[in-house]
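Q: from the sequence below, what's the structure:
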Amino acid sequence: MNYQLNPAIETFSLLTVPHWGKEQKKEAIKALDDLGINGIAFYAANYALLEKFHAAFSCRRVETEGSKLIEGMSDELALSLVALLLLHPEWLDDFESVSDEDALAAVRKAFSELLEGDGDIVDALQASGFPDKAKWQITALLQQPRHRLAPVFEAINANLPAFDYAYAKFEAEIEPLLAELEDCISQDSLPDVVEQAVKITPDARIVPSLVSGLGILVYEKFCILGLFIPRVFAGPNEGLTRTEAILAAKALSDANRLEILAALKDEELYNLEIARMLGLTPATTSHHMNALLSAGFVEGSLKDGKAYYRLCPDGIERYRDWLDNSFLQTKQPEIDGTPLRSSSET
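A: Below is the predicted model:
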């Protein structure tokens, strides 16, 4: 099997949630409901494995200074640390040998990608629209990268045996999910929401995730893909599934996104150009672009290290066809297999 969970990424993600309880279940069901899926039914059919995995990990979990830091991290900081773990897996083995300069350069690069700014990263951070908690945590990391990262890596290393224990216990249930993902990739039948995300970096390496079961995160040459994604978006290859149609409708429900689509009708633009044109922060613009990418209304490509976006006519056409087939086309009455013509046709 070509696709395996990344122990460091999964362990880090497990440490962000001390335990899986009612609140996590409620959030997962709501996220599924928002996708037009029966959240309770899907949860019951698929999430028992994740609950058991969390419980097994918690039995062997080791509390450290770093694990407490991870629990209190903002989502923005956690996402960027995932990027660092993907790009620098060697740091887990020997972070002591990493120089202050190299650590700072890697951290600045990670947040430059996240903020998509051309100027000073501190200025971009202040204008990002991030919550105050995220701003001060990221600022602290930029000021003392080695000091802040060292306990995080120590916590991950200390808890890798807990991940190994949980994985060994439920390997028989995880392997079918990995095989299902591998089949989707080998048959070129990944959901369109994933295809649109990875088109920007077509050589992106798929990194499956059980803990982030509904997640899609593309960073440089990697794409973290939740193992439940193929099941959520299961459906015919032609036309839209109901879930995809709901994503498309939500993408069009925001005035800023409509303005972005109108701007892209005339020319190809990159994130910062769109942000300046609409008077938005780069982070807010990235949020809007992710929604439009997921809906299939835009597509992108990398040029000179920047993600450029353009309209995707095929995606817009598919949504128009779905509306037509769902609400406008009606089956004509027949007599002996022959359609009756309307009065306007006679």
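
Q: which parts of the stretch 51-200 of the chain are helices?
A: Ranges of helices in the stretch 51-200 of the chain, per DSSP state H, counting those that start in this stretch, are 65-71, 75-87, 100-115, 121-126, 132-143, 145-186, 192-198.

Q: tabulate those in CSV, adding columns for mean neighbour count, mean pLDDT and distance to residue 29.
A: To be clear about C-beta, it is placed using only N, CA and C from the backbone, and glycine gets the same treatment. Putting the helices of the stretch 51-200 of the chain into CSV (neighbours: other Cβ atoms under 10 Å; pLDDT from 0 to 100; distance: least, Cβ to Cβ, whole Å) gives the following:
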stretch, mean neighbour count, mean pLDDT, distance to residue 29
helix 65-71, 17, 93, 23
helix 75-87, 20, 89, 19
helix 100-115, 17, 79, 29
helix 121-126, 17, 69, 34
helix 132-143, 16, 87, 26
helix 145-186, 17, 94, 19
helix 192-198, 20, 73, 20
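
Q: what's the average pLDDT for stretch 252-261?
A: Mean pLDDT, computed over stretch 252-261, is 93.

Q: and what of stretch 56-64?
A: pLDDT averaged over stretch 56-64 gives 96.

Q: same check on stretch 231-246?
A: 71.

Q: want to throw the helices of the stretch 51-200 of the chain into CSV with distance to residue 210?
A: Shown next, in CSV, are those (distance: least, Cβ to Cβ, whole Å):
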stretch, distance to residue 210
helix 65-71, 18
helix 75-87, 15
helix 100-115, 24
helix 121-126, 32
helix 132-143, 26
helix 145-186, 6
helix 192-198, 16
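
Q: residue 59 is nearest to which of these?
A: Closest approach to residue 59 among these (Cβ to Cβ): helix 145-186, 7.6 Å.

Q: run the chain-centre distance for the closest one.
A: 17 Å (Cα atoms, centre = their mean, to the nearest Å).

Q: what of stretch 190-207?
A: For stretch 190-207, the distance to the chain centre is 11 Å (Cα atoms, centre = their mean).

Q: can you check stretch 256-269 too?
A: 23 Å.

Q: ok, which of the helices of the stretch 51-200 of the chain comes nearest residue 40?
A: Comparing those by Cβ to Cβ, helix 145-186 comes nearest, at 20.4 Å.

Q: ok so, going back, go through the helices of the stretch 51-200 of the chain and name the closest to residue 2.
A: That would be, of the helices of the stretch 51-200 of the chain and by Cβ to Cβ, helix 145-186, which comes in at 6.0 Å.

Q: so for residue 35, which of the helices of the stretch 51-200 of the chain sits nearest?
A: helix 192-198 (9.8 Å).

Q: which elements pack onto the closest one?
A: strand 216-219, strand 222-226, helix 242-251, helix 282-295 (3 or more Cβ pairs under 8 Å, 6 or more residues apart in numbering; DSSP states H and E).

Q: single out the most deeply packed of these.
A: Ranked by mean neighbour count, those are led by strand 222-226 with a mean of 23 (mean count of other Cβ atoms under 10 Å).

Q: what's that one packed up against?
A: helix 75-87, helix 192-198, strand 205-209, strand 216-219.

Q: reformat the ones you listed as CSV; add distance to residue 100.
A: Shown next, in CSV, are the helices and strands packed on strand 222-226 (distance: least, Cβ to Cβ, whole Å):
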stretch, distance to residue 100
helix 75-87, 15
helix 192-198, 34
strand 205-209, 28
strand 216-219, 24
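
Q: let me see the contact set for the residue nearest the centre of the chain.
A: In the chain, the residue lying closest to the centroid (Cα atoms, centre = their mean) is residue 216, at 2.4 Å. Residues counted as contacts of residue 216 (Cβ atoms under 8 Å, 6 or more residues apart in numbering) are 193-194, 197, 223-226, 229, 294.

Q: the same query, at a cut-off of 10 Å, please.
A: 191, 193-194, 196-198, 209, 223-226, 229, 290, 293-294 (Cβ atoms under 10 Å, 6 or more residues apart in numbering).

Q: go on, residue 62?
A: Applying Cβ under 10 Å, 6+ apart, the residues near residue 62 are 15, 154-155, 157-162.

Q: again, but for residue 75
A: Taking Cβ under 10 Å, 6+ apart, we find residue 75 in contact with 16, 130-131, 133-134.

Q: any idea how far it lies from residue 44?
A: 27 Å (Cβ to Cβ, to the nearest Å).
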